[in-house]
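**Q** model this:
(chains A, B, C and D)
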Protein chains: 4
Amino acid sequence: MAGNSFGQLFRITTFGESHGVAIGVIIDGCPAQLDLDMDFIQSELDKRKPGQSKITTQRKESDTVQILSGVFEGKSTGTPIALLIPNEDQRSKDYGHNVDVYRPSHADYVYDAKYGIRDHRGGGRSSARETAARVAAGAIAKLFLKQQGIEIFAHVTSVGTIEAPNLESNDLSALLNIREENIVRCADPATAHEMIEFIDSVRKDGDTVGGKISCVIKGCPAGLGEPVFDKLHADLGKAMLSINAVHGFEYGSGFAGSELRGSQHNDIPQPKAPDSNVFKTTTNFAGGILGGISNGMDITFKVAFKPVATIMLNQQTINAAGEASEIKGKGRHDPCVVPRAVVIVEAMAALVLADQFLRNKASII
Amino acid sequence: MAGNSFGQLFRITTFGESHGVAIGVIIDGCPAQLDLDMDFIQSELDKRKPGQSKITTQRKESDTVQILSGVFEGKSTGTPIALLIPNEDQRSKDYGHNVDVYRPSHADYVYDAKYGIRDHRGGGRSSARETAARVAAGAIAKLFLKQQGIEIFAHVTSVGTIEAPNLESNDLSALLNIREENIVRCADPATAHEMIEFIDSVRKDGDTVGGKISCVIKGCPAGLGEPVFDKLHADLGKAMLSINAVHGFEYGSGFAGSELRGSQHNDIPQPKAPDSNVFKTTTNFAGGILGGISNGMDITFKVAFKPVATIMLNQQTINAAGEASEIKGKGRHDPCVVPRAVVIVEAMAALVLADQFLRNKASII
Amino acid sequence: MAGNSFGQLFRITTFGESHGVAIGVIIDGCPAQLDLDMDFIQSELDKRKPGQSKITTQRKESDTVQILSGVFEGKSTGTPIALLIPNEDQRSKDYGHNVDVYRPSHADYVYDAKYGIRDHRGGGRSSARETAARVAAGAIAKLFLKQQGIEIFAHVTSVGTIEAPNLESNDLSALLNIREENIVRCADPATAHEMIEFIDSVRKDGDTVGGKISCVIKGCPAGLGEPVFDKLHADLGKAMLSINAVHGFEYGSGFAGSELRGSQHNDIPQPKAPDSNVFKTTTNFAGGILGGISNGMDITFKVAFKPVATIMLNQQTINAAGEASEIKGKGRHDPCVVPRAVVIVEAMAALVLADQFLRNKASII
Amino acid sequence: MAGNSFGQLFRITTFGESHGVAIGVIIDGCPAQLDLDMDFIQSELDKRKPGQSKITTQRKESDTVQILSGVFEGKSTGTPIALLIPNEDQRSKDYGHNVDVYRPSHADYVYDAKYGIRDHRGGGRSSARETAARVAAGAIAKLFLKQQGIEIFAHVTSVGTIEAPNLESNDLSALLNIREENIVRCADPATAHEMIEFIDSVRKDGDTVGGKISCVIKGCPAGLGEPVFDKLHADLGKAMLSINAVHGFEYGSGFAGSELRGSQHNDIPQPKAPDSNVFKTTTNFAGGILGGISNGMDITFKVAFKPVATIMLNQQTINAAGEASEIKGKGRHDPCVVPRAVVIVEAMAALVLADQFLRNKASII
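**A** Here you go, the predicted structure:
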């Protein structure tokens, strides 16, 4: 109930603080006999790790993952998989400044209000460092989904007011290659270039900027998601909103869809081909989900991230006594969180899908 | 796991189909000794019930709620509260048309795909009629929150492309009065008038339209919400996304916030007055939530609803065999769902807050 | 969390007080397409209902069950099944005596201590009347298990110090017939006769007596039960201990097994027949469960019930103010609970098995 | 759902195999600001660790516990506490013999049946080594309970047919001292001597023997435990039955109580002293629990352990192909599990109490 677990049948529990000994995760409910490709898990972590490029924080963490349990001769055994990521570069002295002073738009104050005690070092548990554990677990969920023919792809579609055009390809492998060729992780090279220039200029200003990530899931069978409360998009929404700095979630037609008429918005089912049992609609305003249950079409959603709260500029604030104070960001921070968050979005989506896949096994026997 | 429960400590489980005997809800975890004001509970249901006005469905349901358990001499006893709402006006013959034909953008197909069986009458379990049970339970959550000084107010802030201006008052009782004076439930009378005209014209076209609802929560103490996955806004987001027809959720600065810089977006804490322990910031881009935990400021969020899928126009579709078919809406449907959804949004918000309020009791002993 | 739900995937939530409007249950997670044989469900309730014979309470309740949801054309749809059992014979005036006086060995005092409010009528929520809801839900679990070839049989094996000999038959249908031919529900007719005489004499004394119920489950496949905490016997134990008046649970060799040596207690696996994949051991001290997981052998356990607390004799006690008081049982009560509890034991066992059966579907994909 | 978590609000999740890298546990929901006395936690582990005496296994494990998260300056912060216990003495070669051969009365076969894969080394996840993680977590629960004035004491009350007399003292500290002065952990020195002699003779025979542990909890306030399914004794029962080798659980009067009459078994409440609000009964057949809720009296229960399955004698068995085979115990095993299990029983009891203590905070607001 203390909120550090996610999922029901494919369930993770994360632990660890930004500047503690280690962070980690237990995955309880990964089906047995899954090949655990450690290289893949590590490569996913590498996409989230700090210090990747000039537009990410310069904190140095190798984020090397260790498996402590649940694996035998390279395969999952059905028992809990524990993954450990030691913290290496804990420059905690950078954080003396927020012992008694509340950083604006950070969680310092609310942790004090809730618990009466706070690990101030690097934000403690409220740090986005926790998401490394999610990425490690999500990588295992991806391996499971891949076995079922389900693929997930996310990329940065806006930074500030710079927006990428819609994707024109359905080849997720090709898009992944394009995305990984630029440091902002946008699958449109021209926009990517523009975004990088902009983030770099913001960084030089000592400032930060927000952005958006779009995600598409291909190969998902019809039937995933549970009515009434655990609708597939409700679980996806919660998963995304639980990521640090996320302020909005929409799927399919999203906010824009609320401006349309039913006659414009309804997706018209197409007659099935003689040799096919696949459900298809002419449009996909539904984002692949009807009544909370996947219909077999592409699942699409978008996630909005606020600008990183830590800026390298002087700001007014208060201290723990409630008195006026001033603070200037220290430490090593991201000028824009979305390039590193792409793989977090994918990981959380994978965890939702894996969970709903297993839950759906109980729908009919 | 089958998804019909919501909440952990203040937990509801709903049941019932659109054209079955009854719908209802069990509330497990309502604290003892709460005065259960039945008139208030019924008045909340009245705001959601069909047949209220020319811009809602003409289905006639009194939605009279009965309490079956958990109450003794007008007070909650700590045991499960069961509420029953009999279905009265089940004109099921209107639904013969969707026995074998899938209505576009409805859940007919996915229920067949998931369960291999489907109660087609009025959409069965996928009907928004289920939300009456949520409103009844949410009314009890509101009574509990009121005791704690927490108030919730939602209203319609857009229909199609018609947008209401921002609220200028902090007096929720006054706003409630204004809202209830018009049938679209917008707290800005001029915009309300425009919205009503528009919905009525859409209705006459046999069409439907989407809209948005905004919500504000006042009086919430700092400390509600659990890191990491059960952040207050993540639970609110899931709650809202679980409501029929919702396609998007944002809180605080939302999607627009992703376009800003940190220096614009950070909310600056104000020194506390000598006699106060209240946390205040100059702006409230955070929407009252930092790191997933309430900070004591107003909690604000917005919810986007797609247009109702049932339209009174001919549409192409397919039948259960996958062959081309045609369908035209029958039954009695809403041209726009948001006027009746206002109280559903409030109910789900109340359920989240009540749950997180109880959960927070375990943070420090 | 308030404890009125049981099971994870096949999950029930019960509600209702002894003298309220009705009791009932929601079953969430019953797989779709199960034939819901209403006659069977009612016949199970008939085995638990009061007023069956001279050795049960004379309260008159037909315990007629109504289905409110989750069923379409006689089959489960995968949505929540709500069952309602109206209370008919609520002679609440019998209970004026315990408004302010705590009945010895009843829950009156602890409900006051926990909630500060108490529905005293017939014991309110603490009454064993709640178990009718379990029996109704358990009947549906039995229908599901029967489809999988799993059968459950319980009977009374002791009353006071009268003990039945071990069963000599493996034919559960035959045993069921024998059991139902006597009012104490012991499958050994000679012992049954003795038990009935004894209970009747105890009843005439205004007293009550305890007893034990043994249960066997046949046809359970290997693999049900989850390490580490949700071992099959741990879930069975919790299920049984949650039944009113139960004070003990043992499975397989039980308490007596703790006196043995390993060389006596180990069950020796037998070579498999060429045409068989069935696991068999020479003895079954394990009670069909190893490491918390079913091994395919008969599952056996025993449950101990204390004597009913309500006796028709004067007893010293205290009132709500803590002062000395006197009380004499009123109302209509069972002199011995085990004859009516046999079907409750079976119902709870069925709920555990159905739940673990569904959970096991996620072990390997 | 995969069963590796226990508790709701004070919730643990364990991981690790007997011969893997490490075992460990995450505690999610420990209230903030608790002093985490590491010496106490280690001392509890020392009572469970192997190699303590001639009557325990000779495997050498220091069972040194490391804290990875959730603690700041010696206090809990409200975030998950991760504890790690590296495995040191993994003499896995001792286990080559059970790769393809199923050890009688061990879980080898059922893991294969359930998962189709098995970490055979030392029994993998089914090994009682997992309970070290429970003891570490239970130690933290004990620290929390101690703060609330709740104390737990267990000791060995039978080995084979040797039974200890009932305790004559209420001074748990004194009893603890007596218990720790002998290697069998019985608080009656004369019986302890007899038990030790017997276990040693059994060990020399290459055999094993079962036993029983009794537990008393003092200082528990009235009100803990939730009706209907999460009764305090039902949760205790499940907790105990989840411990390796446990075959039975009873509380209060237990199995013997089922032989009594109501007039013998009812506990008569005593008038309260003028200056007291404490509930007392003349007898305590209820074991401190009425209707599933603590009444403030001592909570008492007893747990039965089967003899350890690994014996140093030749046994018939089968291999994975189902063919006849023979096996003789290797490795280093306990001749009797109860001396080391005393602290496991206490740990599980502490986890149940801590959880129900927090849950009870939501009963009345």
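**Q** Stretch A:357-365: end-to-end distance?
**A** End-to-end distance of stretch A:357-365: 15 Å, with C-alpha to C-alpha, to the nearest Å as the criterion.
**Q** Which residues outside it are in contact with it?
**A** Applying C-beta atoms under 8 Å, 6 or more residues apart in numbering or on different chains, the contact partners of stretch A:357-365 are A:8-10, A:29, A:31, A:144-145, A:148, A:150, A:223-224, A:226, A:230, B:1-2, B:114-116, C:9-10, C:29, C:31-33, C:78, C:144, C:147-148, C:357-358, C:361-362, C:365. C-beta: built from backbone N, CA, C; applies to glycine.
**Q** mean confidence for that stretch?
**A** Taken as a whole, stretch A:357-365 has an average pLDDT of 95.
**Q** Return the set of buried residues in that stretch.
**A** Residues of stretch A:357-365 classed as buried by neighbour count (16 or more other C-beta atoms under 10 Å in any protein chain shown): A:Phe357, A:Leu358, A:Arg359, A:Asn360, A:Lys361, A:Ala362, A:Ser363, A:Ile364, A:Ile365.
**Q** Next, the second one: secondary structure please.
**A** When the structure is split into helix, strand and coil by DSSP: H, G, I helix; E, B strand; the rest coil, A:Leu358 lands in helix.
**Q** Quick check: pLDDT value at the residue in the stretch 101-250 of chain A that chain C sits nearest to.
**A** With C-beta to the nearest C-beta, the shortest gap between the stretch 101-250 of chain A and chain C falls at A:Pro227, namely 6.9 Å. pLDDT recorded at A:Pro227 is 92.
**Q** doesn't A:Gly291 make contact with it?
**A** Yes: in this structure, A:Pro227 is within contact of A:Gly291 by C-beta atoms under 8 Å, at 6.4 Å.
**Q** Next, show the common contact partners of these two.
**A** B:Ala107, B:Ser126.
**Q** Mind listing the residues bridging to A:Ile26?
**A** The partner list for A:Ile26 in beta bridges (DSSP bridges) reads A:Thr13, A:Ala82.
**Q** ugh, wrong one, A:Ile293
**A** According to DSSP bridges, the residues that bridge with A:Ile293 are A:Leu290.
**Q** what's around the residue lying closest to A:Glu17 once chain neighbours are set aside, how many residues?
**A** Spatial nearest neighbour of A:Glu17, chain neighbours left out: A:Gly124 (4.5 Å); criterion: C-beta to C-beta, 6 or more residues apart in numbering or on different chains. Neighbour count of A:Gly124, defined by other C-beta atoms under 10 Å in any protein chain shown: 28.
**Q** which ones are touching A:Gly124?
**A** A:Glu17, A:Ser18, A:His19, A:Gly20, A:Tyr111, A:Arg118, D:Phe72, D:Thr77, D:Thr79 are the contacts of A:Gly124 under C-beta under 8 Å, 6+ apart.
**Q** Which members of those occur in helices, if any?
**A** Taking DSSP state H, the ones among these that sit in helices are A:Tyr111.
**Q** any chance of the contacts of A:Gly124 in CSV, with pLDDT, neighbour count and distance to D:Asn166 too?
**A** Converted to CSV, the contacts of A:Gly124 look like this (pLDDT from 0 to 100; neighbours: other C-beta atoms under 10 Å in any protein chain shown; distance: C-beta to C-beta, whole Å):
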residue, pLDDT, neighbour count, distance to D:Asn166
A:Glu17, 96, 28, 48
A:Ser18, 93, 23, 53
A:His19, 92, 20, 53
A:Gly20, 94, 26, 47
A:Tyr111, 96, 28, 49
A:Arg118, 93, 26, 49
D:Phe72, 96, 22, 45
D:Thr77, 97, 24, 43
D:Thr79, 97, 31, 44
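**Q** Out of the contacts of A:Gly124, which is nearest to chain C?
**A** Sorting the contacts of A:Gly124 by distance to chain C puts D:Thr79 at the head of the list, at 20.5 Å, by C-beta to the nearest C-beta.
**Q** Would you mind measuring from that closest one to A:Asn98?
**A** Between D:Thr79 and A:Asn98 the computed distance is 17 Å (C-beta to C-beta, to the nearest Å).
**Q** and if you look at A:Ser214?
**A** In this structure, A:Ser214 and A:Asn98 are separated by 34 Å, where distance is defined by C-beta to C-beta.
**Q** For the stretch 51-200 of chain A, what lies in contact range of chain B?
**A** If contacts are counted using C-beta under 8 Å from any C-beta of the partner chain, the residues of the stretch 51-200 of chain A sitting beside chain B are A:102, A:104-107, A:109-111, A:113-116, A:125-126, A:130, A:158, A:160-161.
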